[in-house]
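Engineer: Provide a 3D model corresponding to the input given below.
(one chain, ligands or ions: 2)
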Amino acid sequence: MERVYISDISRYEGKEVVLKGWLYNKRSSGRLHFLQVRDGTGIIQCVLSKADVPEEVFQASEELTQESSIIIRGIVRADVRSPGGYELGLTDLKVIQLAKDYPITPKEHGISFLMDHRHLWLRSSRQHAILRVRSQLVKVCRDYFEANGFVLLDAPIFTPAACEGTTTLFETDYFGERAYLTQSGQLYMEAGAMAFGKVYCFGPTFRAEKSKTRRHLTEFWMIEPEVAYNDLEDNMDLAEDFLEYVIGRVCAERRAELNYLERDVAKLENVRRPFPRISYDEAIDILKEEGVDVSWGEDFGGDEETILSKKFERPVMVHRYPVGCKAFYMKVDPQDDRVSLSMDVLAPEGYGEIIGGGQREEDIGILERRMEEQSLPKEAFNWYLDLRKYGTVPHSGFGLGIERTLAWICGLHHVRETIPFPRLMGRLSP
Ligand code: 4AD
Ligand code: MG
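Structural biologist: Numbering: from 1, shown residues only. Ligands and ions are numbered 1, 2, ... in the order given. Next up is the predicted model:
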């Protein structure tokens, strides 16, 4: 008999099939057992009637506990009352293992208990929905760059130098040498852009963030394009085109999951070009109008971003941050040397920064001066400076954080549920 998956069940109406999975939930009324069975692709209601199966099978079902592994056989019936539109009339059930005292019961649990049991929590419908959206989000991000002529160039994880400031580095011993876990693949993508024109990387990045906020992980995934000869405007055009494509496809292809999460998809459907573009100076004016106490030169924190992003129905691009707010590699605006050719994209509904990027400094003299100002060790960057010696050109790129983007897409308050096994300050397991 054919083993099938719940996601394909509609193709087997009227047929007898075998499913392999786990018991999600159970209810019984005397001679009838209603089993909710999950197999990783979905959940299906199964009806087991005492009259239809041998006594020992009915008995086994009687004793079945949550998350016991089972192989079942039954006839597929269309049923409008079932959530998936189908149910299974069971003819046989075999227990692979009886699970004893599964810790996550259908009652409410506190967040730290759930986080401690993340390895099991992944089986719940809500986590399932979120992580299936994540899987699709990553796929469509890759599709975008593949379809637009970018070459995937993987960046290293062990690095000799800081990309995003020295305060959030995770240091490790590399055969007696000091190494750091990468904060961003950008510097390597700049080398890639000079070699291939358009490149991107996608991988885990690490920041020793000593802040416990709803937006900070210590290990998160970033997708980073870099393009030779692109200036800041081109970079904003790319970010806008990319986001419109990605959000559009995720909404279309993961509609059921977003509905399950009760996400207001209409809000995501607003993500259409053009996105508003405002300068840092304009952003400061908006914040002051809102009564926020900010002074020119400070970087925006989560609270400021929340306020700014609530002002717009689409992602808003904030450009030209003060030079002091951004990393050493940002190009200083030739029109105004107080600011850099940087840009952040803030997601609406209060989500805040999901993309950071800008135009890079291509002049070796200015770059060396910026590195000295920030006391960066020149030896570690010699290879990077080479890129400015041999055919330097204007170039730009950005990094999109997968987890923050997913929190916004799914409408989640905190990034901890957007990654299978979150790493946060104070959380290294499971
Ligand atoms: O703004 P960031 O620090 O930019 C860079 O790292 C650039 N080198 C990227 C580039 O231009 N290639 O980080 C980029 C994005 C942020 O907008 C945010 O979405 C995410 O990475 N991010 C984090 N996500 C979760 N936890 C953290 N601690 C994050 N830090 C940054
Ligand atoms: Mg940033």
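
Engineer: who are the neighbours in contact with the nearest residue to G352 once chain neighbours are set aside?
Structural biologist: Nearest residue to G352 in three dimensions, chain neighbours excluded: E305, at 3.3 Å (C-beta to C-beta, 6 or more residues apart in numbering). For glycine as for every other residue, the C-beta is placed from the backbone atoms N, C-alpha and C. The neighbourhood of E305, defined by C-beta atoms under 8 Å, 6 or more residues apart in numbering, consists of L346, G352, E353.

Engineer: again, 10 Å this time
Structural biologist: Residues near E305 by C-beta atoms under 10 Å, 6 or more residues apart in numbering: 215, 283, 299, 316, 318, 344, 346-347, 350-354.

Engineer: which of these come close to ligand 1?
Structural biologist: E353, I354 (C-beta under 6 Å from any ligand atom).

Engineer: rebuild the contacts of E305 as a markdown table, extending it with secondary structure.
Structural biologist: Output for these, formatted as a markdown table (DSSP: H, G, I helix; E, B strand; the rest coil):
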| residue | secondary structure |
| --- | --- |
| R215 | coil |
| A283 | helix |
| D299 | coil |
| V316 | strand |
| V318 | strand |
| D344 | strand |
| L346 | strand |
| A347 | strand |
| G350 | coil |
| Y351 | coil |
| G352 | strand |
| E353 | strand |
| I354 | strand |
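
Engineer: could you look up the SS state of V345?
Structural biologist: Three-state secondary structure (criterion: three-state DSSP) places V345 in strand.

Engineer: returning to that earlier point: A strand includes the residue nearest to G352, no?
Structural biologist: No: using three-state DSSP, the secondary structure at E305 is helix, not a strand.

Engineer: how much space between it and ligand 1?
Structural biologist: E305 is 10 Å from ligand 1, where distance means C-beta to the nearest ligand atom, to the nearest Å.

Engineer: hmm, the strand or helix carrying I409 touching ligand 1?
Structural biologist: Here I409, judged by DSSP states H and E, is contained in helix 402-410. Yes: part of helix 402-410 sits near ligand 1 under the criterion C-beta under 6 Å from any ligand atom, namely E403, R404.

Engineer: what mean pLDDT does that helix have?
Structural biologist: Averaging pLDDT along helix 402-410 gives 98.

Engineer: what does stretch 262-272 give?
Structural biologist: 96.

Engineer: which other residues reach it?
Structural biologist: The contact list for stretch 262-272, computed with C-beta under 10 Å, 6+ apart, reads 129, 133, 240, 243-248, 250-252, 254-255, 257-259, 312-315, 347-349, 408-412.
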